[in-house]
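In: Here is my input; please provide its structure:
(one chain, ligands or ions: 1)
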Amino acid sequence: MKRIFVAVVLWALLICPLLQAQVSWKEVAPGVWKGVVGTPESYSLLSVAGVSPRMDGFTRLPEVSLPGLADEIVGQLQDGKTSLRIPLERGEQLYGFGLNFQTVHQRGRILNLHVDHYGGKDDGRTHAPVPFYISSLGYGVFVNSARYLTVYAGSGARKDSPNAPVPKDRNTDKTWTSAPYSDAVSILVPAQGVEIYLFAGPTPMDVVRRYNLFCGGGTLPPRWGLGFVQRTQKLYTDKDVEREVNEFEAQGFPLDVIGLEPGWQSKAYPCTFEWDKTRFPAPADFVKAMAERNVRINLWTNPYASPESGIYKEMYPLSGSHTVWCGIVPDFADARARALFSAKFDKEHVGIGVSGYKIDEIDGYDRYVWPDVATFPSGVSAEQMRQTYGLWVQRITTDLYRKRGQRTFGLVRGSNGGGSSYPYVIYNDYYSHKDFITALINSGFCGVLWTPEVRGSKTSEEWLRRFQSVVFSPMAMINAWSSGTKPWSFPDVTDNIREYALLRMRMMPYWYTEFARYHFDGIPPFRALNLEAGFNPEQATADGELKDKDLETNPYLESVRKEIKDQYMAGEYLLVAPMFAGQTERTVVLPRGDWYDFYTGEYVGNGEKITVKPGLERIPVFVKDGGIIPMMEPLLHAPKAGEKINLEIRHYGKAEGSYRLYDDDGETFDYEKGAYSWREIKVTRDKKGRLKGSISKAEKGKPDNIATVSWKFMSK
Ligand code: GAL
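Out: As a prediction, the model looks like this:
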């Protein structure tokens, strides 16, 4: 008896874990299932992000059942680690795995998901290495682990695969490849168990929506966050900033946020979090005076505390074993460290009206952040801390603003899975315009926002091209403080720069509504064409390769064969195709359906590849047939709560159309108590075939910030 018992225990302990186990699934939100393998760690991305699903948003998605592949997903404990295997089909494409900069199609890639400053290669080391991917077949997978994960996104083939690649002879067969077809995504988690989440579609866009809603819904920035942001030279004084604000006004440039770089602090790298009294003798008065001019102050900081900071002593026992630039690293897994940090920030900044932060250097560069041998008093490992530090700083500061009933919108250099609802935009120092656009595309797959910020530029052409792109992004920002470049620094393009800065402001009703859709429905405001109906690389045949016969029946396939990484969707109706310095023309892939030029309303094509030569003064932007773009007058500052605007509604194309325009006070959380309105805009044809527009009234007692409405039917 005893022997049998011992044998059973041995089997359970040693052999059983080696067996592959099917994952059992539990539905945790509509169309979202959780599976558990082994014993998951309690410290995870979702536990740090601390968000709860936005359940009402799911009601606007189709009902779905557990995707068929759920039965084939297996987990296995081996070598003290957990491996996951998720099957792949031929012709299936994968998107996501975090903020990649050079690739959109992820099938076949091997990644080590690791929070880091992007180093020029899509190898998994990036600012937001979110362990979430979306399949072109309409399902998604999220691995809730705060560990460095190794992902084989369709690389490797098992000898017992029912769907194995066919051996080919390299000597004679030209189709031999060093990367034969693989039938699964494999993920290695260095822990003795993990939670895995499966998201249903039916479409890839629905998968992304479910993911964002599960993470609490996308962020809804304050309206001013969508205005113009300028970051000033690092040693500017209050007077210098004032002069810069005056100059913006004199030049007729919009301005909503001034970002102060390190010199506002008495010491930086490591930081005191305290104002430098020689440069800013009266910070509260300064912030107030700026607010009176409708300019908000955003503060740069990193979280590493200087021995000269007022919180250093108290934080010391609550910090990690290693320093960063001789500053201590708060152990944010400890509530006391969070409370100390947030009390300091509240007293010094938020309490005097600072609008938000730019939280730097939490992503890495291995050479300066804490090494993986560091320890933290909470017992959380250095690795887990690295993977979650960006989530922590966002959570702490977001909570701080929430307590004051005030929305914030800032910048952060690192994030991870679960962060969709945080009011932060990721940026970095990498500065490739092209790759910045690919990052913008990929941000939409992983619940983060990204800004292709404008820094210095060698030529006026580059300056203008970068500027034109940033206007069509989550944060329209110039971060050229170190070169001192101002929007008007290149006189030959200043008028055009101004025109685009003002266009950003004119489009505010559209941008704000698109962010509301992100918040309430999980639809990313900036995203890949791969999430668009009418653009479907599934049409490609086995292994993503097209055969000539496919092209004969559908020439459009030519353009979807390759990954599209230099054009993207901006909101419901716009397709943006940036121009890069040195280019005079480019090709644009239009999804199926009629498309129109944003500036002229002219028809440009349908489901085809077109070539455009826009001239220096235009970034190509196209509008879907029936597209409705609500705009307003070119204000220099975002409208304040209750301020009325004059709405100009543009309609494009021949089709009738509709749009729901969102409105609220733009600053507080009253929308969570129902203080918001959706107004129905409709364009229909009357009996004579003429287009006519209408907009519904705001419900009684709901925000109504529209003074007048005018219509522009752009396509003749
Ligand atoms: C960098 C950051 C820049 C700028 C600078 C200030 O790390 O990415 O945007 O803020 O620090 O020292």
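In: Return the set of residues that bridge with S135.
Out: Beta-bridge pairing for S135 (DSSP bridges): L94.
In: ok, now how distant is it from the ligand?
Out: Counting by Cβ to the nearest ligand atom, to the nearest Å, the gap from S135 to the ligand is 34 Å. Every C-beta, even on glycine, is put in place using the N, C-alpha and C of the backbone.
In: who touches that residue in this structure?
Out: Counting by Cβ atoms under 8 Å, 6 or more residues apart in numbering, S135 touches E92, Q93, L94, Y95, V141, P204, V207.
In: Tell me the helices and strands packed up against the longest helix belonging to the chain.
Out: The residue-count maximum for a helix in the chain (DSSP state H) belongs to helix 382-403. The contact analysis (3 or more Cβ pairs under 8 Å, 6 or more residues apart in numbering; DSSP states H and E) places helix 382-403 against helix 45-49, strand 110-115, helix 335-348, strand 356-359, strand 410-412.
In: looking at the ones you listed, which is closest to the ligand?
Out: strand 356-359 (6.3 Å; Cβ to the nearest ligand atom).
In: how about JSON lines for the helices and strands packed on helix 382-403, with distance to the ligand and mean pLDDT added?
Out: Listed next are the helices and strands packed on helix 382-403 as JSON lines, based on distance: least, Cβ to the nearest ligand atom, whole Å; pLDDT from 0 to 100:
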{"stretch": "helix 45-49", "distance to the ligand": "23", "mean pLDDT": "98"}
{"stretch": "strand 110-115", "distance to the ligand": "15", "mean pLDDT": "98"}
{"stretch": "helix 335-348", "distance to the ligand": "18", "mean pLDDT": "98"}
{"stretch": "strand 356-359", "distance to the ligand": "6", "mean pLDDT": "98"}
{"stretch": "strand 410-412", "distance to the ligand": "8", "mean pLDDT": "98"}
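In: Turn those into JSON lines, including mean neighbour count and distance to T59.
Out: Below are the helices and strands packed on helix 382-403 laid out as JSON lines (neighbours: other Cβ atoms under 10 Å; distance: least, Cβ to Cβ, whole Å):
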{"stretch": "helix 45-49", "mean neighbour count": "23", "distance to T59": "22"}
{"stretch": "strand 110-115", "mean neighbour count": "22", "distance to T59": "32"}
{"stretch": "helix 335-348", "mean neighbour count": "17", "distance to T59": "34"}
{"stretch": "strand 356-359", "mean neighbour count": "26", "distance to T59": "32"}
{"stretch": "strand 410-412", "mean neighbour count": "27", "distance to T59": "31"}
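In: Dump the ones you listed to a markdown table, plus distance to T684.
Out: Converted to a markdown table, these look like this (distance: least, Cβ to Cβ, whole Å):
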| stretch | distance to T684 |
| --- | --- |
| helix 45-49 | 43 |
| strand 110-115 | 49 |
| helix 335-348 | 51 |
| strand 356-359 | 42 |
| strand 410-412 | 42 |
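In: that older thread, can you tell me which of the contacts of S135 is closest to the ligand?
Out: Y95 (26.8 Å).
In: quick one: pLDDT of that closest one?
Out: pLDDT recorded at Y95 is 96.
In: Help me confirm that it comes into contact with Y133.
Out: Yes. Between Y95 and Y133 there is a contact at 6.5 Å, judged by Cβ atoms under 8 Å.
In: Please, where are all the strands along the stretch 501-650 of the chain?
Out: Ranges of strands in the stretch 501-650 of the chain, per DSSP state E, counting those that start in this stretch, are 526-527, 568-570, 574-576, 586-589, 594-597, 603-606, 609-612, 621-624, 628-631, 645-651.
In: what sits up against the shortest one?
Out: Residues lying outside strand 526-527 but in contact with it, judged by Cβ under 8 Å, 6+ apart, are 208, 440-441, 443-445, 449-450, 472-474, 568-570.
In: Need the overlap of contacts for Y95 and Y133.
Out: Residues touching both Y95 and Y133 by Cβ under 8 Å, 6+ apart: Q106, F445.
In: Where does pLDDT dip in the stretch 501-650 of the chain?
Out: Scanning the stretch 501-650 of the chain with the threshold set as pLDDT under 70 gives 536-561.
In: how does it look with 50?
Out: Scanning the stretch 501-650 of the chain for pLDDT under 50 picks out the ranges 537-547, 551, 554-556, 558-560.
In: now swap in the chain and tell me
Out: In the chain (pLDDT under 50), the answer is 15, 17, 537-547, 551, 554-556, 558-560.
In: what residues does it put near the ligand?
Out: Contacts of the chain with the ligand, taken as Cβ under 6 Å from any ligand atom, map to E261, P262, W300, D360, E361, D429, N479.
In: again, 8 Å this time
Out: Residues of the chain lying near the ligand by Cβ under 8 Å from any ligand atom: 231, 234, 261-262, 268-269, 300, 302, 358, 360-361, 413, 427-429, 453, 479, 481-482.
In: And these, which of them are buried?
Out: 231, 261-262, 268-269, 300, 302, 358, 360-361, 413, 427-428, 453, 479, 481 (16 or more other Cβ atoms under 10 Å).
In: mind listing which of those residues are in strands?
Out: R231, W300, K358 (DSSP state E).
In: which among those gets closest to G193?
Out: Using Cβ to Cβ, K358 comes nearest to G193 of those, at 36.9 Å.
In: picking that back up, how about the strands of the stretch 501-650 of the chain in CSV, adding mean neighbour count?
Out: Shown next, in CSV, are the strands of the stretch 501-650 of the chain (neighbours: other Cβ atoms under 10 Å):
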stretch, mean neighbour count
strand 526-527, 23
strand 568-570, 24
strand 574-576, 23
strand 586-589, 18
strand 594-597, 22
strand 603-606, 16
strand 609-612, 14
strand 621-624, 24
strand 628-631, 23
strand 645-651, 20
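In: Quick check: the gap between the residue in the stretch 451-600 of the chain that the ligand sits nearest to and K234.
Out: Among the residues of the stretch 451-600 of the chain, N479 lies closest to the ligand, at 5.4 Å counting by Cβ to the nearest ligand atom. Using Cβ to Cβ, to the nearest Å, N479 is found at 11 Å from K234.
In: quick one, phi/psi of the residue nearest to D360 when sequence neighbours are not counted?
Out: In space, and not counting its chain neighbours, D360 is closest to N302: 4.5 Å by Cβ to Cβ, 6 or more residues apart in numbering. N302 adopts backbone torsions of phi -120, psi 170, taken as degrees, to the nearest 10.
In: OK, contacts around N302?
Out: Neighbouring residues of N302 by Cβ under 8 Å, 6+ apart: A268, Y269, P270, C271, V324, G327, I359, D360, E361, I362.
In: residues in contact with the first one?
Out: Residues in contact with A268, defined by Cβ under 8 Å, 6+ apart, are P262, T301, N302.
In: same thing but 7 Å
Out: By Cβ atoms under 7 Å, 6 or more residues apart in numbering, the contact set of A268 is P262.
In: Can you report phi and psi for it?
Out: When read as degrees, to the nearest 10, the backbone of A268 gives phi -130, psi 150.
In: How about the third one?
Out: The phi and psi values for P270, taken as degrees, to the nearest 10, are phi -90, psi 170.
In: That one reaches W325, doesn't it?
Out: Yes. Between P270 and W325 a contact is recorded at 5.2 Å, counting by Cβ atoms under 7 Å.
In: so what sits against both of those two?
Out: Y304.
In: So for the two, which sits in the more crowded spot?
Out: When P270 and W325 are compared on other Cβ atoms under 10 Å, the one with more neighbours turns out to be P270, at 23 against 14.
In: Please list all residues in contact with the more buried one.
Out: Contacts for P270 (Cβ under 7 Å, 6+ apart) come out as Y304, A305, S306, W325, C326, G327.
In: Domain ranges for the protein, per the record?
Out: The chain breaks down by automatic domain parsing into domains covering 19-166+175-214, 225-487, 628-713.
In: for the ones you listed, which one sits closest to V493?
Out: Nearest to V493 among the domains of the chain is domain 225-487 (4.3 Å), distances taken as Cβ to Cβ.
In: end-to-end on the closest one?
Out: For domain 225-487, the first-to-last residue distance is 19 Å (Cα to Cα, to the nearest Å).
In: from the chain's centre, how far out does that domain sit?
Out: Distance of domain 225-487 from the chain centroid (Cα atoms, centre = their mean, to the nearest Å) equals 16 Å.
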